[in-house]
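Asks: pasting the sequence and the predicted coordinates here, then a few questions.
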Amino acid sequence: MTKAKVLEHALVPKHEILNEEEAEEILKRYEIEMGQLPKIKEKDPAVIAIGAKVNDIIKITRASPTAGMAFVYRLVIE
């Protein structure tokens, strides 16, 4: 499966890399440090597909039956 095809699969939620400003805003909003975020491996197919690097923060947008949309954040690690 090609990189782009991974993101087109119905069960793969939207993944995007936060820029530096967005990342700082998220850490400040939740009063946490980068190391406290849940982790995602750099070898994850979706991480590879979006071109994320180690120490990037990824925003994952999922459909939620109760909230409509749910946003989760992950720190890319080796």
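Replies: Now that the structure is in, tell me what you want to look at.

Asks: could you grab the helix/strand/coil label for residue 47?
Replies: Secondary structure, DSSP: H, G, I helix; E, B strand; the rest coil: residue 47 is helix.

Asks: what are the buried residues along the longest helix belonging to the chain?
Replies: Assignment by DSSP state H gives helix 20-30 as the longest helix of the chain. Within helix 20-30, the residues scored as buried using 16 or more other C-beta atoms under 10 Å are 23, 26, 27. To be clear about C-beta, it is placed using only N, CA and C from the backbone, and glycine gets the same treatment.

Asks: ok, those residues vs residue 11, which is closest?
Replies: The shortest approach to residue 11 among the buried residues of helix 20-30 belongs to residue 26, at 24.8 Å (C-beta to C-beta).

Asks: show the pLDDT at the closest residue to the closest one other than its chain neighbours.
Replies: Of all residues not flanking residue 26 in the chain, residue 73 sits nearest, at 5.8 Å (C-beta to C-beta, 6 or more residues apart in numbering). At residue 73, the pLDDT value in this model is 97.

Asks: who does residue 73 form a beta bridge with?
Replies: residue 59 (DSSP bridges).

Asks: just use 48 as the starting number from now, easier for me
Replies: Right, with 48 as the first residue, what we last looked at is residue 120.
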